[in-house]
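J.: How does the following fold in three dimensions:
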Amino acid sequence: MLNLFRRIVPNRIRSSYAAKFAIVVIILGISVALVGGVATALMSDQVEQSAKEDLQSTAQSDAQSVDNWLEQSAIEVLSLSREDRLQADTSDEGVNTYLEEFRGDRGDDNSANTLTHVHLVDTSTGDIVASSSPTERGESYTADDRPWLGEPDFEHRNVDVTELYELDDDPHIGFYRSVSGDDDRIVVGVHDMEPVGTNILSGDRIGGAGGNSYSFTIDERDTILMDDVNVGEDVGQTYPSDSPVLDAARDLDRNEADTREVDAQFVPDKSNVGGQDHVVGYAAPRDSDWIVV
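T.: Prediction:
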């Protein structure tokens with residue numbers, strides 16, 4: 001081996017300590033660069049994998065939060081539908097007072113609950129016979145005006161849920177159920193959807209100072225129902241319908257989550273990062289046809 005080394009290395013280099021030292025330094029530099037490059041690549045892969053895991057976990061957690069919100073909102077209406085005083089003569093002002101107190105207890109004092117109106121409605125006439133909102137008492141509507149007088153979007157815990165609709169230029173969803181013992185009357189709980197995402201979704205809280213992470217809840221029409229940035233500024237807008245994330249999320253089993261990378265054109269333009277690719281975590285809540293991304 002030594003003879004081979006002597007034949008390969010020129011005599012000038014073998015007789016010069018400076019040349020030998022320079023070669024050693026070069027070899028060490030190349031070795032460090034190679035090791036550093038490999039380490040950087042490994043670290044980059046680890047950071048990317050960690051980011052995907054974080055987003056997947058966040059999507060799954062947010063899906064659970066959506067389930068919890070649906071559960072809470074449905075139980076409120078379910079309990080009201082069984083309330084004896086709502087089956088009595090609603091000319092009694094006490095019913096209106098009761099609905100006002102019910103809404104107040106669950107609205108103003110609980111930031112995670114966005115219940116804005118509670119109505120008792122005669123479905124045969126469309127009349128609101130009692131309400132937590134004084135301005136709504138005695139008003140009459142049709143299914144075109146208020147979807148809780150028509151067919152539900154889906155059902156949760158035997159409570160009907162409307163699709164997103166506009167009320168006073170703001171997006172709302174209604175939960176409704178027949179009053180026990182009276183099929184002509186329903187009790188309706190109405191929620192303002194703009195602040196809901198800020199209260200229950202957590203995407204913006206993993207975005208750091210740059211604010212480049214955010215969460216949405218989306219229905220089967222690709223309509224954004226919840227948005228956790230700027231008090232739901234995108235609620236009612238359409239998520240990019242050609243985004244591969246939507247089909248991937250809808251192919252998941254309920255209560256599962258995953259991630260994928262997509263081009264910037266397939267996500268709402270909220271992070272101000274230009275045309276860079278995005279990593280999207282997505283999940284399917286257990287108790288609806290909605291998805292969380």
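
J.: just checking, residue 217 is part of a strand?
T.: Yes. Secondary structure of residue 217 (DSSP: H, G, I helix; E, B strand; the rest coil): part of a strand.

J.: List the contacts of stretch 133-150.
T.: Under the contact criterion C-beta atoms under 8 Å, 6 or more residues apart in numbering, stretch 133-150 has outside partners 96, 117, 119, 121, 123, 125-131, 153, 160, 162-163, 165, 174, 176, 186, 188, 190. Yep, even glycine has a C-beta here, placed from its N, CA and C like the rest.

J.: if you set the cut-off to 6 Å instead, what comes out?
T.: If you take C-beta atoms under 6 Å, 6 or more residues apart in numbering as the criterion, stretch 133-150 is touched by 117, 126, 127, 128, 131, 162, 165, 174, 176, 188.

J.: repeat for stretch 178-195
T.: Stretch 178-195 is contacted from outside by 76-77, 80-82, 86-87, 114-124, 148, 170-176, 225, 231-232, 235, using C-beta under 6 Å, 6+ apart.

J.: 8 Å instead?
T.: 73, 76-77, 80-82, 86-87, 114-124, 129, 148, 164, 167, 170-177, 225-226, 231-233, 235-236.

J.: isn't residue 81 right next to residue 158, touching?
T.: No. No contact is recorded between residue 81 and residue 158 when judged using C-beta atoms under 8 Å, the distance being 9.1 Å.

J.: More neighbours: which of those two?
T.: Neighbour tally, residue 81 and residue 158, criterion other C-beta atoms under 10 Å: the higher count belongs to residue 81, 22 against 11.

J.: hey, what's in contact with both of residue 81 and residue 158?
T.: residue 177.

J.: coming back round to it: show only the entries of the contacts of stretch 178-195 found in helices.
T.: Residues from those lying in helices, with DSSP state H as the criterion: 73, 76, 77, 80, 81.

J.: how far is stretch 278-293 from where the chain is centred?
T.: Taking the mean C-alpha point of stretch 278-293 and that of its whole chain, the gap between them comes to 7 Å (C-alpha atoms, centre = their mean, to the nearest Å).

J.: now do the same end-to-end measure for that stretch.
T.: 12 Å (C-alpha to C-alpha, to the nearest Å).

J.: Kindly report the same for stretch 197-205.
T.: 12 Å.

J.: can you give me the mean pLDDT across that stretch?
T.: Confidence over stretch 197-205, taken as the mean pLDDT, stands at 84.

J.: From the rest of the structure, what touches it?
T.: 58, 61-62, 65-66, 68-69, 111-112, 114, 211, 213-217, 226-229, 231-232, 235, 292.

J.: mind checking which helix or strand of this structure has the lowest mean pLDDT?
T.: The helix or strand of the chain with the poorest confidence is helix 2-8; it has a mean of 54 (mean pLDDT, DSSP states H and E).

J.: picking up where we left off before, among the ones in helices among the contacts of stretch 178-195, which one lies nearest to residue 259?
T.: Using C-beta to C-beta, the shortest approach to residue 259 within the ones in helices among the contacts of stretch 178-195 belongs to residue 73, at 28.7 Å.

J.: Could you verify my assumption that that closest one touches residue 174?
T.: No. In this structure, residue 73 is not within contact of residue 174 by C-beta under 8 Å, at 9.7 Å.

J.: coming back round to it: now, of the contacts of stretch 197-205, which are buried?
T.: When burial is judged by neighbour count using 16 or more other C-beta atoms under 10 Å, the buried members of the contacts of stretch 197-205 are 58, 61-62, 65-66, 69, 114, 213-217, 226-229, 232, 235, 292.

J.: quick one on the thing from earlier: would you format the contacts of stretch 133-150 as a markdown table with pLDDT, distance to residue 101 and neighbour count included?
T.: Written out in a markdown table, the entries for these read as follows (pLDDT from 0 to 100; distance: C-beta to C-beta, whole Å; neighbours: other C-beta atoms under 10 Å):
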| residue | pLDDT | distance to residue 101 | neighbour count |
| --- | --- | --- | --- |
| 117 | 95 | 14 | 21 |
| 126 | 96 | 25 | 15 |
| 127 | 96 | 22 | 15 |
| 128 | 96 | 18 | 21 |
| 131 | 95 | 13 | 23 |
| 162 | 97 | 24 | 22 |
| 165 | 97 | 26 | 18 |
| 174 | 98 | 20 | 26 |
| 176 | 98 | 20 | 24 |
| 188 | 98 | 17 | 22 |
